[in-house]
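Q: model this:
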Amino acid sequence: FLPADFEPVGETVEEETGRAGTTILYDEYGIAHVTGETRDDVAFGAGWVTARDRALLLDLGRGPARAAVADVPGIDAFSLVTSGQQFVPSEAAEQLVTDQVELIREVYGDEGDEIIADIQAYADGINAYWEANGIENDPVGVNDAIAVTAFIGSIFGAGGGSEADNAEFLSTLTNALGEEQGRQAWEDAMLFDDPEAPTTIEERFEYGPLTGGDVVGSVVIDEGSVVSLDPRASADDTTEAEAAWVYPAAGAPPDRQASNWLLVDPAQSENDTTLAVMGPQLGYYYPEIVQQIHLSGPGIEAQGAAVPGLSMYILIGRTQDYAWSLTTASQDVRDVFAEVLCNPDGSPPSLDSTHYEFDGECLPFEIFDAGTLDGDPIVYPTSVHGPVIGWATSEGRPVALTRQRSTFGRDGLNLGALKDMTEGDATTTEEFWEVANQFGFTFNWAYANRSEIGYFASGRLPERAEGLDRRLPTLGTGEYEWQGFLDQDEHPHAAGHPSD
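A: From the prediction side, this is the model:
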């Protein structure tokens with residue numbers, strides 16, 4: 001382990017940027033220490049470092065990040081990067097990113113203006129490095145950082161969305177074992193509310209699979225009826241290489257989890273200090289998908305791991321007063337809706353029908369042109385809930401399956417939490433909870449200052465209508481829409497060490 005005391009380790013080499021207010025020192029381990037006279041100088045230096053040390057990731061990730069923003073069904077945005085695929089967003093897909101710039105300003109006010117200014121200065125640093133070194137690239141802008149935020153959330157910060165798989169599995173078990181035994185086997189396999197599961201904190205926070213009352217708004221999926229959507233024009237010609245980044249859209253979304261952390265408060269430690277062992281497991285890549293960096297400037301003294309593309313803020317690290325880390329929580333921020341198909345002329349619907357029932361009307365699916373993937377057009381239908389991921393029958397009735405994500409269109413808002421953590425705004429556990437609650441992506445946050453430890457489970461968790469089993473698809477006709485989102489105090493959180 002390297003010391004994290006804001007000092008370069010061993011001999012240093014200065015990186016010349018040509019900007020008077022920015023100083024970059026690289027230590028013996030290749031870690032950049034960025035000092036700026038102004039906020040813009042710090043962000044500029046972070047951008048310069050990203051262009052110098054993670055140019056390949058920038059080049060490979062800018063397009064696929066837009067695929068993450070758009071929730072393109074059946075395409076694993078992260079695997080597009082690792083396999084070097086080229087996704088070119090359409091104007092409509094890029095607009096999904098642009099709309100978030102104004103949303104950041106609207107939600108955060110003056111702080112939102114500061115976030116946008118930080119991003120622009122960061123982008124200026126990337127562009128300046130390219131210009132200084134004769135590298136021809138399309139200039140980076142504010143949209144790129146927002147898109148990368150969605151990219152990170154789609155890899156590590158989303159859960160749920162497997163309801164169609166769950167429902168078909170239930171039908172398979174009940175068909176094979178009978179209604180009662182099949183249901184019991186399914187309940188055991190779902191692993192919800194397992195009394196033997198290890199827990200991080202003592203207090204229980206209720207967010208169970210059943211939303212109250214009889215389950216009347218959740219649907220079953222007939223065994224063997226699911227057909228996943230493939231948004232590619234050449235969907236019938238999937239090669240072995242393409243199989244690395246294409247997945248069944250109606251199945252479980254790709255996820256990655258392996259991180260860990262351990263916190264000990266002063267009362268339990270040998271020398272009456274807080275202890276933290278933080279192990280964020282992000283896989284092994286070269287170049288690594290994060291970068292170590294130290295940022296120092298007006299109101300900023302922080303170091304740790306940052307994400308290339310938005311490393312003007314620290315993702316996991318420490319300030320002078322506290323340290324923090326994240327692990328994937330996989331909480332339920334995505335739901336599959338079963339859209340009941342219909343025909344405007346009142347004739348019996350089929351899986352080929354292009355309309356669906358919502359609020360008493362027979363509405364057409366909108367067609368979204370997301371762009372091209374290696375020149376192949378990416379086009380798919382969407383409903384009021386989100387992209388169509390497939391089709392199926394439910395008790396013989398044809399339905400389209402769509403997936404709704406609570407953070408869709410709001411990815412950039414997560415930058416508020418990273419900004420506040422980087423600036424040292426979480427000196428107490430109470431302040432930490434408030435900051436972490438700004439993070440709509442679902443993560444387990446670990447926190448330690450010099451006198452206490454804390455925990456918070458972030459995520460924009462929907463409050464669902466009564467009459468649902470959230471492990472199953474929700475009837476999409478309008479009676480069972482989300483009712484809101486959990487307040488901060490309703491999220492699992494704690495301070496101090498468990499009593500036992």
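
Q: For the spatially most central residue of the chain, what are phi and psi?
A: The residue lying closest to the centre of the chain (Cα atoms, centre = their mean) is G153, at 1.5 Å. With angles defined as degrees, to the nearest 10, G153 sits at phi -60, psi -40.

Q: mind checking which helix or strand F368 is in?
A: Following DSSP states H and E, one finds F368 within strand 366-373.

Q: residues in contact with that strand?
A: 63, 66-67, 70, 72, 75, 80, 85-90, 92-93, 231-232, 377-383, 387 (Cβ atoms under 8 Å, 6 or more residues apart in numbering). Quick note: C-beta positions are derived from backbone N, CA and C, even for glycine.

Q: can we see that at 10 Å?
A: 63-64, 66-67, 69-73, 75, 80, 85-94, 96, 231-234, 242, 245-246, 354, 377-384, 387-388 (Cβ atoms under 10 Å, 6 or more residues apart in numbering).

Q: if you look at those residues, which of them are in strands?
A: 87-89, 377-382, 388 (DSSP state E).

Q: The lengthiest helix in the chain - contacts with which helices or strands?
A: For the chain, the helix that runs over the most residues, judged by DSSP state H, is helix 110-132. Helices and strands touching helix 110-132, by 3 or more Cβ pairs under 10 Å, 6 or more residues apart in numbering; DSSP states H and E, are strand 22-26, helix 39-53, helix 55-70, helix 91-108, helix 142-156, helix 415-422.

Q: Output these in JSON lines; the columns should cover mean pLDDT and distance to A306.
A: Shown next, in JSON lines, are those (pLDDT from 0 to 100; distance: least, Cβ to Cβ, whole Å):
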{"stretch": "strand 22-26", "mean pLDDT": "98", "distance to A306": "14"}
{"stretch": "helix 39-53", "mean pLDDT": "98", "distance to A306": "7"}
{"stretch": "helix 55-70", "mean pLDDT": "93", "distance to A306": "12"}
{"stretch": "helix 91-108", "mean pLDDT": "97", "distance to A306": "19"}
{"stretch": "helix 142-156", "mean pLDDT": "88", "distance to A306": "11"}
{"stretch": "helix 415-422", "mean pLDDT": "98", "distance to A306": "9"}
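
Q: To A267, which of the ones you listed lies closest?
A: Using Cβ to Cβ as the measure, helix 415-422 is the one of the helices and strands packed on helix 110-132 that comes nearest A267, at 25.2 Å.

Q: picking that back up, format the helices and strands packed on helix 110-132 as TSV; extra columns: distance to L315.
A: Output for the helices and strands packed on helix 110-132, formatted as TSV (distance: least, Cβ to Cβ, whole Å):
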stretch	distance to L315
strand 22-26	20
helix 39-53	12
helix 55-70	14
helix 91-108	18
helix 142-156	8
helix 415-422	6
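
Q: between those, which one is nearest to T402?
A: Going by Cβ to Cβ, the one of these nearest T402 is helix 55-70, 13.9 Å.

Q: Can you point out the buried residues in the closest one?
A: Within helix 55-70, the residues scored as buried using 16 or more other Cβ atoms under 10 Å are 55, 57-58, 60-70.

Q: same for that helix, what does it pack against?
A: helix 39-53, helix 77-82, strand 87-89, helix 91-108, helix 110-132, helix 142-156, strand 366-373, strand 376-382.

Q: Could you tell me how far the first one lies from the centre of the chain?
A: Yep, that's helix 39-53 we're talking about. Centroid separation between helix 39-53 and its chain, computed with Cα atoms, centre = their mean, to the nearest Å, is 24 Å.

Q: report the angle between the axes of it and strand 22-26?
A: Angle, helix 39-53 to strand 22-26, by axes from the mean of the first three to the mean of the last three Cα atoms, to 10 degrees: 40 degrees.

Q: which element is F169 on?
A: Using DSSP H and E, the element containing F169 is helix 163-177.

Q: Identify each buried residue in that helix, please.
A: Here helix 163-177 shows 163-174 as buried, counting by 16+ other Cβ under 10 Å.

Q: With adjacent residues omitted, what lies nearest to the residue nearest to the centre of the chain?
A: F441 (4.1 Å; Cβ to Cβ, 6 or more residues apart in numbering).

Q: How much space separates the one you found from L373?
A: As judged by Cβ to Cβ, to the nearest Å, F441 and L373 stand 24 Å apart.

Q: between those two, who's got more neighbours?
A: F441 (29 against 25; other Cβ atoms under 10 Å).

Q: quick one: contacts for the more buried one?
A: With the criterion set at Cβ under 10 Å, 6+ apart, F441 makes contact with 149-150, 152-159, 326, 328-329, 331, 333, 406-407, 410-411, 413-414, 417, 458-460.

Q: and it, that one's in a helix?
A: No. Applying DSSP: H, G, I helix; E, B strand; the rest coil, one finds F441 to be coil, outside a helix.

Q: distance of it from E202?
A: With Cβ to Cβ as the criterion, F441 and E202 are 25 Å apart.

Q: which stretch of helix or strand covers Q303?
A: Per DSSP H and E: strand 300-306 holds Q303.

Q: quick one: strands adjacent to that strand?
A: strand 291-297 (antiparallel), strand 316-318 (antiparallel) (DSSP bridges).

Q: Residues touching the last one, excluding its own?
A: Around strand 316-318, the neighbours that count as contacts under Cβ under 10 Å, 6+ apart are 4-6, 259, 261, 276, 278, 280, 282, 290, 292-295, 301-307, 323-327, 418, 421-422, 424, 445-446, 448-449.

Q: gap between the helix or strand following that strand and the chain center?
A: In the C-terminal direction, the helix or strand that comes right after strand 316-318 (DSSP H and E) is strand 322-328. On the basis of Cα atoms, centre = their mean, strand 322-328 sits 15 Å off its chain's mean C-alpha point.

Q: Can I get the next helix or strand along the chain from strand 322-328 in CSV, CA atoms only?
A: As assigned by DSSP H and E, the chain's next helix or strand after strand 322-328 is strand 332-342. The C-alpha trace of strand 332-342 is given here as CSV (Å, rounded to 0.1, in the frame of the first residue of the first chain):
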residue,chain,number,x,y,z
ASP,A,332,-33.8,-2.2,-7.4
VAL,A,333,-33.8,1.0,-9.5
ARG,A,334,-35.0,-0.7,-12.7
ASP,A,335,-38.4,-2.3,-13.4
VAL,A,336,-39.7,-4.3,-16.3
PHE,A,337,-43.2,-3.3,-17.5
ALA,A,338,-45.5,-5.6,-19.4
GLU,A,339,-47.2,-3.4,-22.1
VAL,A,340,-50.5,-4.9,-23.1
LEU,A,341,-50.5,-4.9,-26.9
CYS,A,342,-53.5,-3.5,-28.9
